[in-house]
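[1] Below are the sequence and a predicted model; questions follow.
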Amino acid sequence: MTLPSLQWIEPVVEAARAQAGTADGLPVVVVRVDQQRLYVWEDGKVTEIFDVSTSERGIGNENGTYKTPLGLHRIAERFGDGAERGTVFRARANTGEIAEILTGEGERSQRDNITSRILWLEGLEPGLNRGGSIDSYHRYIYIHGTDEEGRIGQPASEGCVRMRNDDVIELFPRLPVGTLVVILNGPDYETGRILPV
């Protein structure tokens, strides 16, 4: 895989931390919708890049659109610690079911299964992804595993950020509650919005 230039990411991370008012040493996750990639920024550098899938309906913040919301978020809740790879979650509860992981290109399961781990995102930008009908948390926007691994790397979700199961299991312990997550559709991040106190 040819890696893209990473010069754009440090200003994005710095702007996100400044806007959120935190420099707590936690990693920062940046999801690039245009690339279908998730970047992990730790200790002043990109430490990992994962292929992901955002919404097959594009970007948007309105409830009921099944689109992926842009902007600054944080991880509000985490589910699935210790669950077996491929475990299916419904309403964030472990069902005990293990999904068949589909790895064929474009192969689809019968439902939008959420598997292995869940990182529930809370929007931090009023008017963009927080409050009213655009609230990412109330829209149940997650980073999570999927049983449709063959579709990773292309828009395929119903609004969430899908990852391969092994990838989300690997990443999960490193992203505690409070970790910032920026979702972008390009290399730039607009700053200056008013955040809640």
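    On my side now, so go ahead. Numbers count the residues shown, from 1 in each chain.
[2] C-alpha only now, for contacts and for neighbours.
    Noted.
[3] Do a quick rundown of the strands in this protein.
    Assigned by DSSP state E, the strands in the chain fall at 28-32, 37-42, 45-51, 71-79, 87-90, 93-98, 114-123, 142-146, 161-163, 180-184.
[4] what packs against the first one?
    This means strand 28-32. Strand 28-32 sits against strand 37-42, strand 180-184, with contacts defined as 3 or more Cα pairs under 8 Å, 6 or more residues apart in numbering; DSSP states H and E.
[5] Okay, now the sheet partners of that strand, with direction.
    Within its sheet, strand 28-32 is paired with strand 37-42 (antiparallel), strand 180-184 (parallel), according to DSSP bridges.
[6] could you dump these to TSV with mean neighbour count?
    TSV is the format used below for the strands paired with strand 28-32 (neighbours: other Cα atoms under 10 Å):
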stretch	mean neighbour count
strand 37-42	20
strand 180-184	24
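[7] before we move on, back to that, just put the helices and strands packed on strand 28-32 in TSV and tack on mean pLDDT and distance to F79.
    Below are the helices and strands packed on strand 28-32 laid out as TSV (pLDDT from 0 to 100; distance: least, Cα to Cα, whole Å):
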stretch	mean pLDDT	distance to F79
strand 37-42	97	19
strand 180-184	96	17
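[8] Tell me which of those sits nearest to D112.
    Closest approach to D112 among these is made by strand 37-42 (20.0 Å; Cα to Cα).
[9] buried set for the longest helix seen in the chain?
    As assigned by DSSP state H, the longest helix anywhere in the chain is helix 9-20. For helix 9-20, burial by neighbour count (16 or more other Cα atoms under 10 Å) applies to I9, V12, V13, A15, A16, R17, Q19, A20.
[10] so who does L70 touch?
    Contacts for L70 (Cα atoms under 8 Å, 6 or more residues apart in numbering) come out as I59, G60, N61, L128, N129, V182, I183, L184, N185.
[11] repeat that for 10 Å
    Counting by Cα atoms under 10 Å, 6 or more residues apart in numbering, L70 touches 31-33, 59-61, 123, 125, 128-129, 136, 181-185, 189.
[12] same question, S5
    S5 makes contact with no residue under the criterion Cα under 10 Å, 6+ apart.
[13] ok, now which ones touch the nearest residue to E62 once chain neighbours are set aside?
    In space, and not counting its chain neighbours, E62 is closest to I134: 4.6 Å by Cα to Cα, 6 or more residues apart in numbering. For I134, the contact set (Cα under 10 Å, 6+ apart) comprises G60, N61, E62, N63, G64, P69, G123, P126, G127, L128.
[14] Report pLDDT for the fourth one.
    Right, the one you point to is N63. N63 is assigned 95 on the pLDDT scale.
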